[in-house]
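1. Build the 3D model from these lines:
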Amino acid sequence: MNANNYNDWIFDLDNTLYSAETGIFDQVDKLMGEFISNFLKIEIKEAKKIQKRFFKKHGTTLKGLMDEYNVEPEDFLEQVHNLDYSIIGPDLELKNALHKINGKKIIYTNANLTHANKILKQLDIENIFDEIFDITKANYIPKPDIQPYHQLVNALNINAEKAVMFDDIAKNLVPASKIGFTTVWINTGNENYSDDIANSKKFLDYETTNLPLWLNSIIKES
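-> Now for the predicted structure:
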């Protein structure tokens, strides 16, 4: 892959720009279960079952709550992002690799802008990205629904054939591939319960377990 052939670099946020081992998303997962338990007044065990069902059926737990229970999205997002961000530290290797990339750098996340900014600040890369396309800009329609991918392309004037997208959830790269993006799957080693790696494989152009290392390798080749 020649990095010089790409104008737009689109990165998922959670478990992509930082390691899944940090435990940030474990906190989010726990808080989502508690939100459902409190909102529906049910036991946490039953709430977790609903959470997983919504994630798999609707793309995000939030979309399921909005569609089936008319939950206000901002209330949900505020509560499930009440996190201890201190467990994420600066990533100099990632920062240096991102600085070497020519072209526009974009965050595309199913989370909200506040969460994204806090993560980027902890990683010390908050001034590197040109745009953040969050769940609010996507009208709360999550990946992998193809509609917000088209919104992303139109809003940011992206030439899909000269764009590359990174995500830790394989099925989120399927619509990216279908609209012409080159795709890079961040294999965390743990399959997300909503993912479908087997049926997504043919849409994955590249795979890595280490994003900074992979970026540095293609920069050297270019």
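
2. all helices of this protein, in order?
-> Using DSSP state H, the helices of the chain run over residues 24-40, 44-58, 61-69, 73-80, 92-100, 113-123, 147-155, 173-178, 197-200, 211-221.

3. tell me the most buried of the ones you listed?
-> helix 173-178 (a mean of 21; mean count of other Cβ atoms under 10 Å). For every residue, glycine as well, the C-beta is placed using N, CA and C.

4. can you give me the mean pLDDT across that one?
-> Per-residue pLDDT values over helix 173-178 give a mean of 97.

5. Any figure for the gap between Asn159 and Phe35?
-> 39 Å (Cβ to Cβ, to the nearest Å).

6. before we move on, what about Tyr108?
-> Here Tyr108 is placed at a distance of 24 Å from Phe35 (Cβ to Cβ).

7. residues touching Leu173, list them.
-> Contacts for Leu173 (Cβ atoms under 8 Å, 6 or more residues apart in numbering) come out as Met165, Asp167, Phe181, Thr183, Val184, Trp185, Ser200, Phe203, Leu204.

8. By neighbour count, which of these wins?
-> Met165 (28 neighbours; other Cβ atoms under 10 Å).

9. Next up, the contacts around it.
-> Residues near Met165 by Cβ under 8 Å, 6+ apart: Ile10, Phe11, Asp12, Tyr108, Leu173, Ala176, Phe181, Thr182, Thr183, Val184.

10. let's go with 7 Å and repeat that
-> By Cβ atoms under 7 Å, 6 or more residues apart in numbering, the residues touching Met165 are Ile10, Leu173, Ala176, Phe181, Thr183.

11. Leaving out the residues flanking it, which one is nearest to Ala170?
-> Nearest non-adjacent residue to Ala170, counting by Cβ to Cβ, 6 or more residues apart in numbering: Ser200, 3.8 Å away.

12. Kindly report the same for Phe129.
-> Spatial nearest neighbour of Phe129, excluding adjacent residues (Cβ to Cβ, 6+ apart): Lys105 at 4.9 Å.

13. dump the residue contacts of the residue nearest to Glu34 when sequence neighbours are not counted.
-> Sequence neighbours aside, Ile44 is the residue nearest to Glu34 in space, at 7.0 Å (criterion: Cβ to Cβ, 6+ apart). By Cβ under 7 Å, 6+ apart, Ile44 lies in contact with Gly33, Glu34, Ser37.

14. ditto for Ser177
-> Thr183, Phe203.

15. Return the distance of it relative to Val184.
-> 11 Å.

16. Any stretches of this structure with poor pLDDT?
-> Within the chain, the ranges that satisfy pLDDT under 70 run 191-194.

17. give me every residue that touches the residue nearest to Phe129.
-> Trp9, Leu98, Ile128, Phe129, Asp130.
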